[in-house]
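In: sequence first, predicted model second:
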Amino acid sequence: MSPPTGNPITDQFDNDLNDPSYDTRRQIGLRLTIIARMMRNNFDRKVANLCVTRSQWAMIAVVSRHPGSTQRTIAEALEMSEASAGRLIDRLCADGLLERRDRPDDRRARAVYLTDAAEPLLARLATIARESEEKLMKGFSDEELAQLRGFIDRIYDNVSRG
């Protein structure tokens, strides 16, 4: 059981996990909720001094892996609306971390690229992500991680099908 956080709602989630009247599926769902919250909070705390949000980091990471992508492609990769992706790209362009360029194959579409200014930030964020992942997966064998990945993929597939 997690130590109390002082937040009555999240502390109640933690208590519910140990309530024998909750079935296993409910306990797993609650635990996934708590883990996701803790991961978000830990990430936010670690990057606070970098002045970047999770969504900005995700955008930068997608563009770094797929330079020259369109706003539509990036939005699909991040599972967000094209308008939301556009606003985020605009913000990161204004901050000097991304840039839009004309595409020679389509005059209507613009390609998105990282700027040189984004590279040090991306490197620092990658280090933070790697350290967080190591802490999260500490004590798991490669076989256990592969099995967990399979389970999580099945859950993801179930949820994504609506």
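Out: Ah, there it is. Numbers count the residues shown, from 1 in each chain.
In: distance of Arg103 relative to Ala111?
Out: Distance from Arg103 to Ala111, counting by Cβ to Cβ, to the nearest Å: 5 Å. Heads up, the C-betas are built off the backbone N, CA and C, glycines and all.
In: and for the two, which residues touch both?
Out: Shared contacts of Arg103 and Ala111 (Cβ atoms under 8 Å, 6 or more residues apart in numbering): Gly68, Thr70.
In: more neighbours: these two, which one.
Out: Neighbours around Arg103 and Ala111, counted as other Cβ atoms under 10 Å, are more numerous at Ala111. The numbers are 19 against 13.
In: ok, now which ones touch the more buried one?
Out: Each residue near Ala111 by Cβ under 8 Å, 6+ apart is listed here: Pro67, Gly68, Ser69, Thr70, Arg100, Arg101, Asp102, Arg103.
In: surely the first one meets Ala118?
Out: Think Pro67. No - the pair Pro67 and Ala118 does not pass the contact test of Cβ atoms under 8 Å, sitting 10.9 Å apart.
In: neighbour count: those two, which is higher?
Out: Set side by side, Pro67 and Ala118 show more neighbours around Ala118, with 20 against 11, by other Cβ under 10 Å.
In: excluding its backbone neighbours, what's nearest that one?
Out: Distances taken as Cβ to Cβ, 6 or more residues apart in numbering place Leu97 nearest to Ala118, at 4.2 Å, with adjacent residues excluded.
In: show me what counts as buried in whichever helix in the chain runs longest.
Out: Taking DSSP state H as the criterion, the chain has its longest helix at helix 24-47. Residues Leu30, Ile34, Phe43, Lys46, Val47 are the ones in helix 24-47 that count as buried (16 or more other Cβ atoms under 10 Å).
In: then stretch 112-120?
Out: Buried, per 16+ other Cβ under 10 Å, within stretch 112-120: Val112, Leu114, Ala118.
In: nearest to Cys93 among these?
Out: For the buried residues of stretch 112-120, the residue nearest Cys93 by Cβ to Cβ is Val112; the value is 8.4 Å.
In: for that closest one, list the residues it contacts.
Out: Neighbour list for Val112: Val63, Pro67, Gly68, Ser69, Thr70, Gln71, Ile74, Ile89, Leu98, Glu99, Arg100, Arg101 [criterion: Cβ under 8 Å, 6+ apart].
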